[in-house]
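**Q** Got a sequence here, can you model it:
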Amino acid sequence: MSFLTVLLLAGLAVGLILWFRSRRGDGPELTVAELPQAVAALALSREESAFIVFRLGRHPDSGGPDLQFSVERGRLGLDWVLLDPANVADEAKFRTFVLRRGHSIQERHENGVRTLRIEDGDLVQTGSGLLCEAYGVNVGTRLATVLEGFSLPPS
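**A** Residues are numbered from 1 along each chain as shown. Model prediction:
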């Protein structure tokens, strides 16, 4: 093989790996039952812009929405990022669910992306409830995650 062919194949392999990771997540698969410990680790990190995303679409073709917890301006929040088509499609479902639980929604626009964020009340209970009640996820179902800016303690 020529050097150019090897270089092109290597580039293709790296591109496929990055695409696959971006679709599935680069964190561990976690259950809804493990969500409280993961969010606690995020909150304890207090690292600005750190986040964990729980992906309801575990495989590239399933297209489920993503639920994010993040630290912004020193505060933990639950985010519904209106970037993925599934999140956009379920915006009303998210709004209804969190408003019925008495949360205040902050709408943010940053870097061309709209996000619905809540910072009040029991975020863990609301996030778990959203996954289980609104989306029918079983507490033992493993979900792909994306982590940025913090680490989970060993289990």
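
**Q** In contact with the closest residue to residue 43 other than its chain neighbours, which residues?
**A** Leaving aside its sequence neighbours, residue 43 sits nearest to residue 76 (CB to CB, 6 or more residues apart in numbering; 4.7 Å). (Each C-beta comes from the backbone N, C-alpha and C, glycine too.) Shown in contact with residue 76 (CB atoms under 8 Å, 6 or more residues apart in numbering): 39, 42, 43, 69, 70, 119, 123.

**Q** Neighbour count, distance to residue 133 and secondary structure added to those, as a markdown table?
**A** Listed next are these as a markdown table, based on neighbours: other CB atoms under 10 Å; distance: CB to CB, whole Å; DSSP: H, G, I helix; E, B strand; the rest coil:
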| residue | neighbour count | distance to residue 133 | secondary structure |
| --- | --- | --- | --- |
| 39 | 19 | 18 | helix |
| 42 | 23 | 22 | helix |
| 43 | 16 | 23 | helix |
| 69 | 21 | 17 | strand |
| 70 | 22 | 22 | strand |
| 119 | 16 | 21 | coil |
| 123 | 18 | 15 | helix |
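
**Q** Nearest to residue 33 among the residues you listed?
**A** Closest approach to residue 33 among the contacts of residue 76 (CB to CB): residue 39, at 12.3 Å.

**Q** follow-up on the earlier one: of the contacts of residue 76, closest to residue 142?
**A** Nearest to residue 142, judged by CB to CB, of the contacts of residue 76 is residue 39 at 16.7 Å.

**Q** Which pLDDT value belongs to the closest one?
**A** Confidence at residue 39, expressed as pLDDT, is 97.

**Q** can you pull the contacts of it?
**A** Contacts of residue 39 were listed using CB under 8 Å, 6+ apart, and they are 52, 69, 76, 123, 124, 127.

**Q** go with 10 Å
**A** 52, 54, 69, 76, 78, 123, 124, 127, 128 (CB atoms under 10 Å, 6 or more residues apart in numbering).

**Q** With respect to residue 114, which of those residues is nearest?
**A** Nearest member of the contacts of residue 39 to residue 114, counting by CB to CB, is residue 78, at 15.2 Å.
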